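Chemist: this is a predicted model, with the sequence first.
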Amino acid sequence: MTIASPIAPLSTGETDHPVKLTLPELRLRDLRFASPVVLSPMAGITNSAFRRLCAEYGDGLFVCEMVTSRALVERTRESMRIIKHHPAERVRSVQLYGVEPNTVRAAVRMLVEEGRADHIDLNFGCPAPKVTRKGGGSALPWKIDLFQRLLTGAVEEAHAGNVPLTVKVRKGIDDDHLTYIETGKMARDVGVDAIALHARTMNQHYSGHADWKALARFREALPDIPVIGNGDIFSAEDAVEMVEQTGVDGVQIGRGVQGKPWLFGDLEAALNGSPVRYRPTLGDVAGVFRRHADLLIEHFEDEFRGLQDLRKHVAWYFKGYEVGGEVRSGLARVSALDELDDLLAKLDWDAPYPGRAAEGTRGRAGSPKRPHLPQNWLDSRYLNDEHKAMISHAELDISGG
Ligand SMILES: Cc1cc2nc3c(=O)[nH]c(=O)nc-3n(C[C@H](O)[C@H](O)[C@H](O)COP(=O)(O)O)c2cc1C
């Protein structure tokens, strides 16, 4: 059996109600994106291998996993792996996480002066307790002085090299502590090139629904800067609906592309008013999965490490398909390419697209969580002395490079 010719054409079908979007191209300084579609940064997922795979199906901006500014400045091995791009990647996009303004500034300067990135995004959306407990991620925009100082330095360094700088934020800490409109205006005034809003609060984590009404309010409040909508797009039709309901200039997709890199092809089709959508047979999916394996092995320069990383994608790729318990558990433990090929050969390659069973939500969901914040964080919009002392150490033990 032949497995995985690169970019094998997938089986396609037609949607019942094709809609044509009339979105202008997305411009970030000198960068142009015919499809205003962004692969949302996902730690452990959007490495160079996955970004290349997505780009084989459609145009867009493909953002890397977040990298910690401090680790980058220290040039740790892992941070240098995270920012590594393949020559085939048209735009080298890097997402930085940082809390301490001088460190973030130094990280941006390093990326720009050494020509390591064509686009830089700053992460203010992470809800992980280990991050927010130190005032980082989605906790940070609450502190106006810190946010402003951090952004100002980052924008100055990025623009010195004409590299676009964007930010990604959430709605706020919780419904009583919303920051997004104010944060968006501050970011615009400082000169960022676009803002992505994940329309959830920090304490929602990934639970419930993204608040697309908030996206519409955000768009309206910021008519003079590109706004990218993020949250709960799982199909090209969802993307069309988001644009129609909110007026955003572009869409950003995370969990919806997990195990479904061809979604970028569907999005491009939808943007052009084409009714054609990928409807992969089980054999098509196996082929893409095998290609992902090859790209991961190339990325990690190690067969075992690449396949170890592939394991987390099994459930997403084969969602809704009849795979059988034995193959499924074998794939989840796979450690050699021969073994992978033997397992994939056991599948019924002609099994058709299962329809709804393969669609809908995927990836993280869960329930709301109590915010983990530094002590007295919510008492004021400005840093106190204790917080100032804390942020100077805040990045020391955050993973992400
Ligand atoms: C596994 C995983 C890892 C993520 N890592 C990051 C990250 O490194 N940086 C970031 O800004 N957001 C991160 N996110 C959030 C996503 O970029 C996105 O904002 C969120 O999943 C909502 O979009 P969606 O509904 O399209 O998934 C992550 C999400 C998931 C599920």
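Modeler: Right, received. Where do you want to start?
Chemist: would you map the helices across the stretch 301-401 of the chain?
Modeler: Using DSSP state H, counting those that start in this stretch, the helices of the stretch 301-401 of the chain run over 303-310, 314-317, 325-331, 337-345, 385-391.
Chemist: state the mean pLDDT of stretch 105-124.
Modeler: Averaging pLDDT along stretch 105-124 gives 98.
Chemist: list the buried residues in that stretch.
Modeler: 105-112, 116-124 (16 or more other C-beta atoms under 10 Å). No exception for glycine: its C-beta is placed from N, CA and C like everyone else's.
Chemist: do the same with stretch 243-257
Modeler: Buried residues in stretch 243-257, defined by neighbour count with 16+ other C-beta under 10 Å: Val243, Thr246, Val248, Asp249, Gly250, Val251, Gln252, Ile253, Gly254, Arg255, Gly256, Val257.
Chemist: same check, this time on stretch 97-106
Modeler: Tyr97, Gly98, Val99, Glu100, Pro101, Thr103, Val104, Arg105, Ala106.
Chemist: and it, how far from the chain's centre?
Modeler: 20 Å (C-alpha atoms, centre = their mean, to the nearest Å).
Chemist: which residues sit against that stretch?
Modeler: By C-beta atoms under 8 Å, 6 or more residues apart in numbering, the residues outside stretch 97-106 that reach it are 66-70, 73, 96, 107, 122-123, 126, 131, 134-137, 140, 146, 149-150, 153-154, 156-157, 391-392, 394-395, 398, 400.
Chemist: in PyMOL, select just the buried ones from those residues.
Modeler: To isolate the buried subset of these in PyMOL, counting by 16+ other C-beta under 10 Å, use the following:
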select buried, resi 66+67+68+69+70+73+96+107+122+123+126+131+134+135+136+137+140+146+149+150+153+154+157+391+394+395+398+400
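Chemist: near the ligand, from the contacts of stretch 97-106?
Modeler: Restricting those to those near the ligand by C-beta under 6 Å from any ligand atom leaves Met66, Asn123, Cys126.
Chemist: what sits closest to the last one if chain neighbours are left out?
Modeler: With C-beta to C-beta, 6 or more residues apart in numbering as the criterion, Cys126 has its nearest non-adjacent residue at 3.1 Å, and that residue is Gly137.
Chemist: make sure that neighbour is actually in contact with Lys130.
Modeler: No: with contact defined as C-beta atoms under 8 Å, Gly137 does not count as touching Lys130 (9.4 Å).
Chemist: list the contacts for Ala210?
Modeler: By C-beta under 8 Å, 6+ apart, the contact set of Ala210 is His198, Ala199, Arg200, Asn230, Gly231, Asp232.
Chemist: near the ligand too, which of those residues?
Modeler: Applying C-beta under 6 Å from any ligand atom to these, one finds that His198, Asn230, Gly231, Asp232 fall near the ligand.
Chemist: the last one reaches Ser207, doesn't it?
Modeler: The reference is to Asp232. No: using C-beta under 8 Å, Asp232 is not in contact with Ser207, being 11.3 Å away.
Chemist: which one of the two has more residues nearby?
Modeler: For Asp232 versus Ser207, neighbours defined as other C-beta atoms under 10 Å are more numerous around Asp232 (22 against 13).
Chemist: next one: that one from Leu307, what distance?
Modeler: Computed as C-beta to C-beta, to the nearest Å, the Asp232 to Leu307 distance reads 31 Å.
Chemist: swap in Val104?
Modeler: Val104 sits 35 Å away from Leu307, going by C-beta to C-beta.
Chemist: what do you get for His198?
Modeler: As judged by C-beta to C-beta, His198 and Leu307 stand 31 Å apart.
Chemist: who has more neighbours out of these two?
Modeler: Between His198 and Leu307, counted using other C-beta under 10 Å, the more crowded position is His198 (29 against 21).
Chemist: give me the nearest residue to that one, chain neighbours excluded.
Modeler: His198 sits nearest to Asn230 (C-beta to C-beta, 6+ apart), 4.4 Å away.
Chemist: list the contacts for Ala154?
Modeler: Residues in contact with Ala154 (C-beta under 8 Å, 6+ apart) are Leu96, Val104, Arg105, Val108, Ile120, Leu122, Leu165.
Chemist: typed the wrong thing, it's Lys168
Modeler: Per C-beta under 8 Å, 6+ apart, neighbours of Lys168: 40-41, 95, 121-125, 195-198, 230, 252.
Chemist: just confirm it is within a helix.
Modeler: No: with DSSP: H, G, I helix; E, B strand; the rest coil as the criterion, Lys168 is assigned strand and is not in a helix.
Chemist: once you drop chain neighbours, what's closest to it?
Modeler: Residue nearest to Lys168 in three dimensions, not counting chain neighbours: Ala196, with 4.3 Å by C-beta to C-beta, 6+ apart.
Chemist: same thing with Ser35?
Modeler: Closest residue to Ser35 in three dimensions, ignoring its sequence neighbours and counting by C-beta to C-beta, 6+ apart: Asp59, at 4.3 Å.
Chemist: wait, doesn't that neighbour sit right on Leu267?
Modeler: No: look at Asp59 against Leu267 with C-beta under 8 Å: they stay out of range, at 9.1 Å.
Chemist: more neighbours, these two?
Modeler: Legend: neighbour count by other C-beta under 10 Å for Asp59 and Leu267, higher for Leu267 (29 against 19).
Chemist: so that one versus Gly287, what's the distance?
Modeler: For Leu267 relative to Gly287 (C-beta to C-beta), the value is 20 Å.
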